[in-house]
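Student: Following is a predicted model, sequence given first.
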Amino acid sequence: MFADLIEGLLSDLGRKNGWTMAGRAGHATPHRIQKFSAAASTNTSPAPSPG
């Protein structure tokens, strides 16, 4: 899913929204991309420190 989102963002799509990126990735609907984006944007916990 992450790869689909990144490839869509880096692509030459005219409009970069859930529907166009989902279509490019071969998904029938944008639900998976939207769910992934929503989960990532609501995670406010700090990243774990290395080591």
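Tutor: Cool, the structure landed.

Student: For Ala22, grab the count of nearby residues.
Tutor: 20 (other C-beta atoms under 10 Å). To be clear about C-beta, it is placed using only N, CA and C from the backbone, and glycine gets the same treatment.

Student: what ranges of the chain fall below the confidence cut-off?
Tutor: Low-confidence segments of the chain, defined by pLDDT under 70, span residues 41, 43.

Student: now Gly18: how far from Ala39?
Tutor: Distance, Gly18 to Ala39, using C-beta to C-beta, to the nearest Å: 14 Å.

Student: More neighbours: these two, which one.
Tutor: Gly18 (19 against 9).

Student: can you give me the strands for the protein?
Tutor: Assigned by DSSP state E, the chain shows no strands.

Student: quick one, helices of it?
Tutor: 2-10, 18-25, 31-42 (DSSP state H).

Student: Same list (those) but as CSV, adding distance to Pro50.
Tutor: Formatted as CSV, these follow (distance: least, C-beta to C-beta, whole Å):
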stretch, distance to Pro50
helix 2-10, 20
helix 18-25, 31
helix 31-42, 20
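
Student: So which of those is the most surrounded?
Tutor: Of all the helices of the chain, helix 18-25 carries the top mean neighbour count, a mean of 17, counting by mean count of other C-beta atoms under 10 Å.

Student: can you give me how far that helix is from the chain middle?
Tutor: For helix 18-25, the separation from the chain centroid amounts to 10 Å (computed by C-alpha atoms, centre = their mean, to the nearest Å).

Student: any residues touching that helix, and which ones?
Tutor: For helix 18-25, contacts defined as C-beta atoms under 8 Å, 6 or more residues apart in numbering pick out 4-5, 7-9, 11, 13-14, 28-34, 37.

Student: now, among the residues you listed, which is nearest to Thr44?
Tutor: Ser37 (14.9 Å; C-beta to C-beta).
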